[in-house]
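Undergrad: here's my sequence, what's the structure:
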Amino acid sequence: MDLGLAGKRCLITGSGRGIGRAVAVRLAAGGAHVLLTSRSAEELSSARAECEAAGGRAATLSADVTDPATPARLLEASRAELGGEPDVLVNNAGSARWRPLEDVPEEDWYAAWELNVMAPLRLMRAVIPGMRERRWGRIVNVSSTAGKRPSANMPEYSVAKAAELSLSRLFADRYAADGVLVNAVCPGPTTSPMWVAEGGLADQSKELAGLGTREEALAAAGAKRPIGRLAEPDEIADVIVFLCSERASYVAGAAWGVDGGTVPVII
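TA: Residues are numbered from 1 along each chain as shown. Next up, the predicted model:
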């Protein structure tokens, strides 16, 4: 199926690894021009090579998306490297940590808000004027199942991800008539570095649950899903790329669960 992405300029945050990288590679394979950004220059270099091998044009910019100056830098990089401002924005940058509610310090609540709400807000404000002028744009905000059903072990993350869903809906309502379609996706636990890297959520959940190995922790997390396993990053990326495409021309304001049936409500 032709997704109509050839020549589209796409900005993906948190694209050095995991879900963001899988999204970038798929967009590149569809003929899109991709701008990759994360804090790790080394990961970005590797991701860029993979995108180019897939057949797309790729550029990188190492940046912290919580820095208020970053959106302007990314717009300039898109103009210089891709020939114009982004047609597609995927707000994917994120991090999480397992711990009880009473153990979250106040500064971490602010940090979660900056990363999951203010950074996407600033980037949407930066790219939407150009999208409105061209009468075409796609924005996908990567939230979480925790945004729909709070996780007791990820308090500040859950609250910030719920706010990101509300933010997405507000922008969708405001700009859909201008051809700018804003949606969110809500992945469940995924075999991305956030979970499987050393010190990641698998290790943290192992300690909290008193399990013996990381493998036991991953198996336990997967067993809680109706599908019976964790997602692969590619499975989340496929849904995101569809929402970025011409084919998703009548989807706006959605919060698509890509969670193996984890959240037992229809919203």
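
Undergrad: below-threshold pLDDT in this structure: ranges please.
TA: Counting by pLDDT under 70, the chain shows low-confidence ranges at 206-209, 211, 266-267.

Undergrad: can you pull out the strands in it?
TA: 9-13, 33-38, 57-62, 88-91, 137-142, 180-187, 255-258 (DSSP state E).

Undergrad: I'd assumed L230 was in contact with T191.
TA: Yes - the pair T191 and L230 qualifies as a contact (CB atoms under 8 Å) at a distance of 5.2 Å. For the C-beta atoms, the positions are set from N, CA and C on the backbone; glycine is no exception.

Undergrad: what sits in contact with each of the two?
TA: Shared contacts of T191 and L230, defined by CB atoms under 8 Å, 6 or more residues apart in numbering, comprise L218.

Undergrad: higher neighbour count, the two?
TA: L230 (23 against 19; other CB atoms under 10 Å).

Undergrad: ok, the residue nearest to the spatial centre of the chain - contacts?
TA: The structure's the chain has its C-alpha centroid closest to N92; by CA atoms, centre = their mean the separation is 2.1 Å. Contact analysis of N92 by CB under 8 Å, 6+ apart lists I12, T13, G14, S15, I19, G20, V23, V142, I240.

Undergrad: still on that earlier bit, need the strands of the chain in a markdown table with distance to L170 and mean neighbour count, can you?
TA: Formatted as a markdown table, those follow (distance: least, CB to CB, whole Å; neighbours: other CB atoms under 10 Å):
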| stretch | distance to L170 | mean neighbour count |
| --- | --- | --- |
| strand 9-13 | 19 | 28 |
| strand 33-38 | 24 | 28 |
| strand 57-62 | 27 | 20 |
| strand 88-91 | 14 | 29 |
| strand 137-142 | 11 | 28 |
| strand 180-187 | 9 | 26 |
| strand 255-258 | 13 | 20 |
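
Undergrad: can you put those in CSV and add distance to V104?
TA: CSV is the format used below for these (distance: least, CB to CB, whole Å):
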stretch, distance to V104
strand 9-13, 24
strand 33-38, 24
strand 57-62, 28
strand 88-91, 23
strand 137-142, 22
strand 180-187, 22
strand 255-258, 24
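
Undergrad: tell me which of the ones you listed approaches E246 most closely.
TA: Evaluated over those, closeness to E246 peaks at strand 137-142, with 8.8 Å, by CB to CB.
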